[in-house]
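Asks: Using only what follows, build the 3D model:
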Amino acid sequence: MSATNSPQAESPTDVVENPSRAVRLSVVIPNYNHGSLVGDAIRAFAQQEPAPDEIIVVDDGSTDDSLARLAALASEFPTLRVLAQEKNQGTVAALNRGLQAARGIFINFGAADDLTHPGLFKATLSALERHPEAVLACTEGLAVDVTRPDSAQPRPPIVPAYEEAYLGPGEVAGLLRYADNWLLAGTAVVRRAAIIDAGGFDPVLRSFADGLLFKQLALRHGFCFVPTVGMTWKISPSGYSRSEAADLSRSFEVMNQSIARMKADPAFPTWYPEVFERRWRFALARVALSARPMRKATLLQLVRGPVGRIVLNAAAALDGAVGRIIALAWFVLQERPMSLLALVRTAWFRRARHAPR
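Replies: Numbers count the residues shown, from 1 in each chain. All right, here's what the predicted structure looks like:
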């Protein structure tokens, strides 16, 4: 079947070949009922310099007007391809379908409700050209809670480098000792062949499928980090990652599956799964603390020991800012999620970067 811009035109197994035109960079965007937002995401990608050679939106059985909006956008953006799933199969299935359909040497996986910043692809592709041994390159981002638009926070909390750098597998393992989440999937440009060789995204890992895969690739091949803001990550209570984190039993299932894969993969340091579990539990606690009111039942399941239960009961009774600070401080002491010194260094770096000169 030949490529068209019709949302119904491409089947799951279609690979569109055009030998007369090399495809350097593909973007894949899973979409489910984000018809009102996906156009902004597409425009932000199309305005990148360099622009992607193809933008693939995998509509995952949307029940809103997404397909109609995408059909209109296809006439505006010739590089847009729309793959329509007849039924909702989940984000990971959409990512894998887009991965198989993409033709680029490099690939970026976006989100229908996030926005890339100008310069993302210039920074990451340039870094990969200078460091051909790297399997991926990524940048910083801004995390914004959509319920509090003025809440933008830089991510990752700890940057792995203060200037563009290639970090080899040994250095990546060293990073894991003091921080996690230094690799933002939405900012990452990855060599597509490496993802294919790794088997694509594991559906069992749900919202963490990209996080574990990219970390695995970095531990095997190294990666580039460019300390510039490349995207705005919009966090919504109904969003994929946040809704997954709010379901404690499902979150623990994903955590345990992830740990099992780490233990079976020699690329991961043997000490890392225990550290990963502490950081995962801390992240779940932060999500529970961000709720209004805080989710006391979830926090009590995450806390360890009788003293912790006493502290959490007292914090929940206070609720409000004071109660949250007490609870957060306890979980920091309990889980020791990251290096405080590294946090201070990153905060100093960001402050100095934005200081007037």
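Asks: How about the secondary structure of Arg148?
Replies: Three-state call for Arg148 (DSSP: H, G, I helix; E, B strand; the rest coil): coil.
Asks: At which residues are the strands of the stretch 201-350 of the chain located?
Replies: 223-235 (DSSP state E, counting those that start in this stretch).
Asks: So, low pLDDT: which residues of it?
Replies: 237-246 (pLDDT under 70).
Asks: show me where it has helices.
Replies: With DSSP state H, counting those that start in this stretch as the criterion, the stretch 201-350 of the chain has helices at 209-221, 240-246, 248-264, 272-290, 296-302, 305-318, 320-335, 340-354.
Asks: where does the stretch 1-150 of the chain have low pLDDT?
Replies: Residues of the stretch 1-150 of the chain meeting the criterion pLDDT under 70: 1-21.
Asks: can you map out the strands along it?
Replies: Using DSSP E, counting those that start in this stretch, the strands of the stretch 1-150 of the chain run over 25-31, 54-60, 80-85, 106-109, 115-116, 136-145.
Asks: can these go into JSON lines with extra columns for mean neighbour count?
Replies: (C-beta placed from N, C-alpha, C; glycine too.) Listed next are the strands of the stretch 1-150 of the chain as JSON lines, based on neighbours: other C-beta atoms under 10 Å:
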{"stretch": "strand 25-31", "mean neighbour count": "27"}
{"stretch": "strand 54-60", "mean neighbour count": "26"}
{"stretch": "strand 80-85", "mean neighbour count": "23"}
{"stretch": "strand 106-109", "mean neighbour count": "26"}
{"stretch": "strand 115-116", "mean neighbour count": "22"}
{"stretch": "strand 136-145", "mean neighbour count": "22"}
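Asks: would you list the ones you listed in a markdown table and tack on distance to Asp180?
Replies: As requested, those are exported to a markdown table (distance: least, C-beta to C-beta, whole Å):
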| stretch | distance to Asp180 |
| --- | --- |
| strand 25-31 | 23 |
| strand 54-60 | 28 |
| strand 80-85 | 32 |
| strand 106-109 | 19 |
| strand 115-116 | 23 |
| strand 136-145 | 14 |
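Asks: for Ser36, what are its contacts?
Replies: Residues near Ser36 by C-beta atoms under 8 Å, 6 or more residues apart in numbering: 64, 69.
Asks: quick one: it from Ala112, how far?
Replies: Ser36 sits 10 Å away from Ala112, taking C-beta to C-beta, to the nearest Å as the criterion.
Asks: for the record, mean pLDDT for stretch 178-190?
Replies: For stretch 178-190, the mean per-residue pLDDT is 93.
Asks: Now do that stretch: distance to the chain's middle.
Replies: 7 Å (C-alpha atoms, centre = their mean, to the nearest Å).
Asks: Begin at 30, not 1, for the rest of this chat.
Replies: Okay, using 30 as the starting number, the last item reads as stretch 207-219.
Asks: Give the buried residues for that stretch.
Replies: 207-219 (16 or more other C-beta atoms under 10 Å).
Asks: Please put the alpha-carbon coordinates of it into CSV.
Replies: Extracted in CSV, the C-alpha atoms of stretch 207-219 (Å, rounded to 0.1, in the frame of the first residue of the first chain):
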residue,chain,number,x,y,z
TYR,A,207,23.6,9.4,42.8
ALA,A,208,20.5,10.0,40.6
ASP,A,209,17.9,8.5,38.3
ASN,A,210,15.7,10.1,35.7
TRP,A,211,18.6,12.1,34.1
LEU,A,212,17.5,10.8,30.7
LEU,A,213,14.3,12.5,29.6
ALA,A,214,12.6,10.3,27.0
GLY,A,215,10.7,13.1,25.3
THR,A,216,14.0,15.0,24.5
ALA,A,217,15.9,11.9,23.4
VAL,A,218,16.9,11.4,19.8
VAL,A,219,17.9,7.7,19.4
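Asks: so which of the helices of the stretch 230-379 of the chain comes closest to Val57?
Replies: With C-beta to C-beta as the measure, helix 238-250 is the member of those nearest Val57 (10.8 Å).
Asks: now for the closest one, which elements pack on it?
Replies: For helix 238-250, the packing partners by 3 or more C-beta pairs under 8 Å, 6 or more residues apart in numbering; DSSP states H and E come out as helix 120-130, strand 165-174, helix 198-204, helix 221-226, helix 277-293.
Asks: Who does the second one pair with, and is each partner parallel or antiparallel?
Replies: According to DSSP bridges, strand 165-174 forms sheet pairs with strand 182-184 (antiparallel), strand 218-220 (antiparallel), strand 252-264 (parallel).
Asks: so which of those is the most packed in?
Replies: Each of those was assessed for mean neighbour count using mean count of other C-beta atoms under 10 Å. The highest is strand 218-220, with a mean of 25.
Asks: what does it contact?
Replies: By C-beta under 8 Å, 6+ apart, strand 218-220 touches 54, 134-137, 150, 153-154, 157, 164-167, 243, 246.
Asks: Farthest-apart pair in those, please.
Replies: Phe150 and Leu246 (18.7 Å).
Asks: Which of the contacts of strand 218-220 sits closest to Leu331?
Replies: Distances from Leu331 to the contacts of strand 218-220, taken by C-beta to C-beta, are shortest for Phe243, at 25.9 Å.
Asks: circling back: could you identify the pair within the buried residues of stretch 207-219 that is furthest apart?
Replies: Tyr207 and Val218, at 25.1 Å, using C-beta to C-beta across the buried residues of stretch 207-219.
Asks: so who does Phe305 touch?
Replies: Contacts of Phe305 (C-beta under 8 Å, 6+ apart): 209, 284, 287-288, 291.
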